[in-house]
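*Asks:* Turn this into a structure:
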Amino acid sequence: MVAVERVLLASPRGFCAGVEKAIKALGWMVRVFDPPVYCYHEIVHNRHVVEQFRRQGVVFVDDIALVPRGAPLMLSAHGSAPEVVAAARDRCGVVVDAVCPLVTKVHHELKVRASKGYTVLYVGHEGHEEAVGTMAVAPEAVRLVRSSEDVDALAATIPRDGQVALLAQTTLSHDEWAGIVERASERFEDLWMPNRSDLCFATTNRQAALKAIAGRSDAVVVIGSRNSSNTQALVKVAAAAGAGRVLMVNDATELPGDLRGTVGVTAGASAPDELVDGVVAALAPLHGVEEVTATTEEEYFPPPPELRELLRALAGVLAAGLGAPPADPAREQPSPDAEPSDTDATSRAAAQADSRSLRADDKSVLADDRHLSAASVLAELAHSTPVVPTGC
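*Replies:* Residues are numbered from 1 along each chain as shown. The predicted structure follows:
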């Protein structure tokens, strides 16, 4: 029996703008294309979100070679190596890159610094998809840094007056990053850093909100999956901020039965609101819920450009009352092994698309995207008939 007196609910929490963008984009993909739709890596690091898309026929792969030629593919929000993007565009019919713009910023910074002859120290978690994709941008110039001790070791191999830049995985905790910045600044005279921090604003905001409740809580519950870097960072922040006990759970079913007193609750940037609601309901605080707001987020990332182009093309076809563009008799018929063109892929998508969901009479099929939430997309999928993908 859980006997919790009060819940302190951190705000902001849960989905960030990058996750909103990625989930809504994959939601469009499963509405437009017949299954299976492929996704390179998990679209976001949350078990519930991934399983919900699997039920709709999405197949998650860690190797582009596993995607059948001509199949639709989405690249995950964590960012992909340049060679992965190139292989995807060569192999797949429609490729939508759902990379978070903040990750793209770091890719660009690394590429520019490497071209100028810098040694780039990249602070990140070894093996994490974001770190792997970023370091692949300029592997000859970048060095992975996980601690202040790594900075010391690298300093012994780099001239003190050499050109050195410091970049970061976007989902690090601020405390984890700050110590390394201090050490690197001591060891390298003219250390280059971007004018705006590489740390994701959403990650930083969630950590600030958590710090506001951790010291007041007998226990803190962090909702999210274990392969989520920003969720793991929240666990570290809660412990450092004075929480008496810190728990990471995927959902309410993992709550222990011995929680007492005041419990703080937050969620990683890839955890849906419904999981937060479930945890709060299970805690059933005797004296209610107090929401503690550190800041208000209004950031919005528009859909990937490839998706906008695809949906505009589909809307045009559907508005004209056509299932596919008229065939050109003068055009040579492709061989069975020929690569599909973008036009072929759009034609197939148009034949599959539901004109009611695309609302072809709108000025833009994405006109309401800013006001559409990822939570509503997931709710719609939850009420859809599960799909068993074929041809995997």
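
*Asks:* CA atoms only: put stretch 234-254 into CSV for me.
*Replies:* Output of stretch 234-254 as CSV, limited to C-alpha atoms (Å, rounded to 0.1, in the frame of the first residue of the first chain):
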residue,chain,number,x,y,z
LEU,A,234,17.9,13.4,-14.1
VAL,A,235,18.6,10.6,-11.8
LYS,A,236,22.1,12.0,-11.1
VAL,A,237,20.8,15.5,-10.7
ALA,A,238,18.1,14.3,-8.1
ALA,A,239,20.7,12.5,-6.1
ALA,A,240,23.1,15.5,-6.1
ALA,A,241,20.3,17.9,-5.2
GLY,A,242,19.6,16.1,-1.9
ALA,A,243,16.7,13.7,-2.7
GLY,A,244,16.6,11.1,0.0
ARG,A,245,15.9,8.3,-2.4
VAL,A,246,15.9,8.3,-6.3
LEU,A,247,14.0,5.8,-8.4
MET,A,248,13.8,5.4,-12.2
VAL,A,249,10.7,3.6,-13.5
ASN,A,250,9.3,2.9,-16.9
ASP,A,251,5.7,3.3,-15.6
ALA,A,252,3.5,3.0,-12.6
THR,A,253,3.8,-0.8,-12.5
GLU,A,254,7.4,-0.5,-11.3
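
*Asks:* mind listing what the host helix or strand of Gly261 pairs with, with the direction of each?
*Replies:* Using DSSP states H and E, Gly261 sits in strand 260-267. Strand 260-267 pairs in its sheet with strand 3-11 (parallel), strand 219-223 (parallel), by DSSP bridges.

*Asks:* and those strands, which is most packed in?
*Replies:* Highest mean neighbour count of those: strand 219-223, a mean of 28 (counted as mean count of other Cβ atoms under 10 Å). All C-beta atoms are positioned from the backbone trio N, CA, C, and that covers glycine.

*Asks:* what's the average pLDDT for that one?
*Replies:* For strand 219-223, the mean per-residue pLDDT is 98.

*Asks:* Touching it from outside, list them.
*Replies:* Defining contact as Cβ atoms under 8 Å, 6 or more residues apart in numbering, one finds that strand 219-223 is touched by 210, 213-214, 231, 234-235, 238, 243-251, 255, 259-261, 263-268, 271, 275-276, 279, 283.

*Asks:* Skip ahead from that strand and say which helix or strand is next.
*Replies:* Next along from strand 219-223, by DSSP H and E: helix 229-240.

*Asks:* Give the buried subset of the contacts of strand 219-223 as a ChimeraX selection command.
*Replies:* ChimeraX command restricting the contacts of strand 219-223 to the buried ones, with burial defined by 16 or more other Cβ atoms under 10 Å:
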select :210,213,214,231,234,235,238,243,245,246,247,248,249,251,255,259,263,264,265,266,267,268,271,275,276,279,283
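
*Asks:* and of the strands paired with strand 260-267, who's closest to Val58?
*Replies:* Comparison of the strands paired with strand 260-267 against Val58 by Cβ to Cβ identifies strand 219-223 as nearest, at 22.5 Å.

*Asks:* between the closest one and helix 229-240, how big is the angle?
*Replies:* 180 degrees (axes from the mean of the first three to the mean of the last three Cα atoms, to 10 degrees).

*Asks:* circling back to that earlier point, can you give the distance from the strand holding Gly261 to the centre of its chain?
*Replies:* Remark: strand 260-267 is offset 25 Å from the chain centroid, using Cα atoms, centre = their mean, to the nearest Å.

*Asks:* I'd like the strands paired with strand 260-267 written out as a markdown table, with distance to Thr385 added.
*Replies:* Formatted as a markdown table, those follow (distance: least, Cβ to Cβ, whole Å):
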| stretch | distance to Thr385 |
| --- | --- |
| strand 3-11 | 34 |
| strand 219-223 | 28 |
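
*Asks:* Arg31 is nearest to which of these?
*Replies:* With Cβ to Cβ, the closest approach to Arg31 among the strands paired with strand 260-267 belongs to strand 219-223: 27.5 Å.

*Asks:* Looking at the strands paired with strand 260-267, spot the one closest to Ala184.
*Replies:* Across the strands paired with strand 260-267, Ala184 has its closest neighbour in strand 219-223 (28.7 Å, Cβ to Cβ).

*Asks:* picking that back up, go through the strands paired with strand 260-267 and name the closest to Asp97.
*Replies:* It is, among those and with distance given as Cβ to Cβ, strand 219-223, at 27.8 Å.

*Asks:* Now the closest one - C-alpha only, PDB.
*Replies:* Once non-C-alpha atoms are left out, strand 219-223 reads as follows in PDB (Å, rounded to 0.1, in the frame of the first residue of the first chain):
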ATOM      1  CA  ALA A 219      11.900  10.300  -2.600                       C
ATOM      2  CA  VAL A 220      12.100  11.300  -6.300                       C
ATOM      3  CA  VAL A 221      10.600   9.200  -9.100                       C
ATOM      4  CA  VAL A 222      12.100   9.800 -12.500                       C
ATOM      5  CA  ILE A 223      10.000   8.300 -15.400                       C
END
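
*Asks:* on that earlier part again, list the helices and strands the next helix or strand after the strand holding Gly261 packs on?
*Replies:* Note on strand 260-267: by DSSP H and E, the next helix or strand toward the C-terminus is helix 273-283. For helix 273-283, the packing partners by 3 or more Cβ pairs under 8 Å, 6 or more residues apart in numbering; DSSP states H and E come out as strand 3-11, strand 219-223, strand 260-267, helix 374-382.

*Asks:* mind redoing it with 7 Å?
*Replies:* Other elements packing on helix 273-283 under the criterion 3 or more Cβ pairs under 7 Å, 6 or more residues apart in numbering; DSSP states H and E are strand 3-11, strand 219-223, strand 260-267.

*Asks:* A strand includes Leu172, no?
*Replies:* No - under DSSP: H, G, I helix; E, B strand; the rest coil, Leu172 falls outside any strand and is assigned coil.

*Asks:* check contacts around it.
*Replies:* Shown here is Leu172, whose contacts under the criterion Cβ atoms under 7 Å, 6 or more residues apart in numbering are 123, 199, 233.

*Asks:* out of the residues you listed, who's nearest Gly93?
*Replies:* Checking these against Gly93 with Cβ to Cβ, the nearest one is Leu199 at 36.2 Å.
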